[in-house]
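Trainee: Structure for the following, please:
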Amino acid sequence: YEGGTGPAVTDIGTTGTIATGHDRDWTATAGASGREPGATSYYRFFTDEASSIAGRARAAPRGDVSELRLGVAACTSYWSGQFNGYGRLADRNSLDLIVHVGDYIYDFPDPQEYVRARHDIFDEEYVDFRRWETIDEVRRRYALYYSDPDQVRAHQQHPFSIMWDNHEVSPNGDVTAEQARRVFWEWTPSRPVKPDGSGDPLGPTDDYPEPEDPKYLYRRLPYGDLADLLLMDHEQWSEQPSPDSLEQYRSLLGAEQFEWVTESMTDSAEAGTTWRGLGNPLYIGPMRVYNLPEEVPLLDRDGVQSDLVYNSRQWDGYPLERERFCELLREEGVEDNLFLTGDMHMNWCSDVTEN
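Mentor: Residues are numbered from 1 along each chain as shown. Here you go, the predicted structure:
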């Protein structure tokens, strides 16, 4: 591979060689190094027979930062619609980063959302239109997604930071959650995170190794004195000692990650950073549904029941942890926090308070 300063990859400043093979599904991940903060650079990959299109990368700025432009994506099911949203993000030259807050790929199509299918084969027995069953089919699913030209163009134009939710790591058939995480690291442009709970990504390297502990994905991305981005993992760390009552303490983040995110936000505020953006796969605002017909069950998939909570898989199913989270932020004076949320398949906006 090679990296340079112009769209034609001129003024080559970085070169390297990466070995790949069947064991990593012929993927390769290079770490962009040697770039100045805030600088834009370009890169290409080569094999003996061919070269890739040129991609663009933008390093995070440091110090005094006046603005930050983010694209936000979530729940990008291949079958539920065209990826023209990715195309519109690719058209925006000014974006610093696209934050994907979960369900980057899907393990199966949502039955109520059949919009498109590969080769128009809407057959629930077809390998590209059903739940995956083997690790090779997980890899095939990523390949299906990257066959979409708008998704490729969005990645070509902008850096991504991706947090998984349930669909990326769903076990089924011979697929374990560990295998699904492994394929995520093979196929996504994600820098491994140190397995020490710090949320710090590894430093740049020519060829990223497999993560020492692939479960660690929650991370902190600093953008100078303007913003810290904290991506939270709602899938791998939750603690649910009892699913029977919302009155018992259930943790969506887990003790280690809860401590990390609250301390990181406090440290950010004390350092004078203006904003904290939280990549938050599940909706944290209260969702109350009134006057539903009696035949609509107020239950989530775990059997947690409340008179007003309709979808307690979200933060509504963890009210004590949400209250504690918000109380800590208020007590420490951590203001100007923006939650970037996925999962809802619609647009929502709300204030977040502790009660």
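Trainee: now do the same end-to-end measure for stretch 217-226.
Mentor: Stretch 217-226 has its terminal residues 23 Å apart, counting by Cα to Cα, to the nearest Å.
Trainee: Tell me where the protein has strands.
Mentor: Under the criterion DSSP state E, the chain contains strands at 2-4, 14-15, 40-44, 55-58, 70-73, 97-100, 160-162, 219-223, 227-231, 275-280, 337-341.
Trainee: Relative to the whole chain's centre, how far out is stretch 348-355?
Mentor: Centre-to-centre, stretch 348-355 and its host chain are 22 Å apart (Cα atoms, centre = their mean, to the nearest Å).
Trainee: scratch that, stretch 109-128 is what I was asking about
Mentor: Per Cα atoms, centre = their mean, the displacement of stretch 109-128 from the mean C-alpha position of its chain is 24 Å.
Trainee: for stretch 232-241, which positions count as buried?
Mentor: For stretch 232-241, a neighbour-count test (16 or more other Cβ atoms under 10 Å) marks 232, 233, 234, 235, 236, 237, 238, 239 as buried. In short, each C-beta sits where N, CA and C put it, glycine included.
Trainee: For residue 99, list the residues it contacts.
Mentor: With contact taken as Cβ atoms under 8 Å, 6 or more residues apart in numbering, residue 99 is in contact with 70, 71, 72, 73, 160, 161, 163, 229, 231, 277, 279, 340.
Trainee: let me redo that: residue 169
Mentor: By Cβ under 8 Å, 6+ apart, the contact set of residue 169 is 177, 180, 181, 184, 235, 236.
Trainee: Rebuild the contacts of residue 99 as TSV, extending it with neighbour count.
Mentor: Formatted as TSV, the contacts of residue 99 follow (neighbours: other Cβ atoms under 10 Å):
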residue	neighbour count
70	18
71	19
72	15
73	22
160	17
161	20
163	26
229	22
231	26
277	22
279	26
340	19
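Trainee: got the residue ranges for the helices in the stretch 151-300 of the chain?
Mentor: Remark: helices assigned in the stretch 151-300 of the chain by DSSP state H, counting those that start in this stretch are 177-187, 255-270.
Trainee: from those helices, which stretch is densest packed?
Mentor: helix 177-187 (a mean of 20; mean count of other Cβ atoms under 10 Å).
Trainee: Many thanks, I have nothing further to ask.
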